[in-house]
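>>> Mind looking at a prediction? Sequence and model below.
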Amino acid sequence: VQLVESGGGLVQPGGSLRLSCAASGFTFSTYVMSWYRQAPGKERELVAHISSAGGITNYADFVKGRFTISRRNAKNTVYLQMNSLKPEDTAVYYCNANRRVGAAKYDYWGQGTQVTVSS
């Protein structure tokens with residue numbers, strides 16, 4: 001199983017970035033996909049998640065209206081479009097795949113990609 005994030009980098013306040021997470025080794029289309037982030041000295045927090053078919057999305061209040069999560073099951077990829085970035089968005093962003101089958105829970109993480117918002 002692999003989740004490989006890309007697209008992070010340094011951007012000025014007000015700018016945009018698009019993160020991608022390429023998945024392999026599991027049936028991507030059956031998993032809920034999420035983006036989390038962790039800033040230095042802080043706990044990891046949920047940013048957004050999207051249902052397996054892509055029809056349902058949810059966002060943390062601090063990114064609503066600025067970030068958009070999407071997925072392309074044919075490409076085994078989930079995206080996070082980040083607009084109007086703020087310095088407080090600076091963090092390592094992680095991709096997560098999870099699925100529950102009865103009592104069993106399957107939970108996978110990527111290695112993270114750094115996003116730095118600074119002038």
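Yes, it's here. Numbering: from 1, shown residues only.
>>> can we go C-alpha only for contacts and neighbour counts from here?
OK.
>>> center of the chain - which residue?
Centroid-nearest residue in the chain, with CA atoms, centre = their mean: Trp35, separated by 2.4 Å.
>>> What residues does the residue nearest to that one when sequence neighbours are not counted make contact with?
Residue nearest to Trp35 in three dimensions, not counting chain neighbours: Cys95, with 4.8 Å by CA to CA, 6 or more residues apart in numbering. Cys95 is in contact with Leu3, Val4, Glu5, Cys21, Met33, Ser34, Trp35, Tyr36, Trp109, Gly110, Gln111, Gly112, counting by CA atoms under 8 Å, 6 or more residues apart in numbering.
>>> Who are the contact partners of the residue nearest to the centre of the chain?
Here Trp35 is in contact with Leu46, Val47, Ala48, His49, Leu80, Tyr93, Tyr94, Cys95, Asn96 (CA under 8 Å, 6+ apart).
>>> tell me which element the last one falls in.
Looking back up the chat, that one is Asn96. Assigning secondary structure by DSSP states H and E places Asn96 in strand 91-101.
>>> partners of whichever strand or helix holds Gln114 in the sheet?
Element membership of Gln114, judged by DSSP H and E, is strand 113-117. Using DSSP bridges, strand 113-117 pairs in its sheet with strand 9-11 (parallel), strand 91-101 (antiparallel).
>>> quick revisit: tabulate the contacts of Cys95 (JSON lines), appending pLDDT and secondary structure.
Listed next are those as JSON lines, based on pLDDT from 0 to 100; DSSP: H, G, I helix; E, B strand; the rest coil:
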{"residue": "Leu3", "pLDDT": "98", "secondary structure": "strand"}
{"residue": "Val4", "pLDDT": "97", "secondary structure": "strand"}
{"residue": "Glu5", "pLDDT": "97", "secondary structure": "strand"}
{"residue": "Cys21", "pLDDT": "98", "secondary structure": "strand"}
{"residue": "Met33", "pLDDT": "98", "secondary structure": "strand"}
{"residue": "Ser34", "pLDDT": "98", "secondary structure": "strand"}
{"residue": "Trp35", "pLDDT": "98", "secondary structure": "strand"}
{"residue": "Tyr36", "pLDDT": "98", "secondary structure": "strand"}
{"residue": "Trp109", "pLDDT": "98", "secondary structure": "strand"}
{"residue": "Gly110", "pLDDT": "97", "secondary structure": "coil"}
{"residue": "Gln111", "pLDDT": "97", "secondary structure": "coil"}
{"residue": "Gly112", "pLDDT": "97", "secondary structure": "coil"}
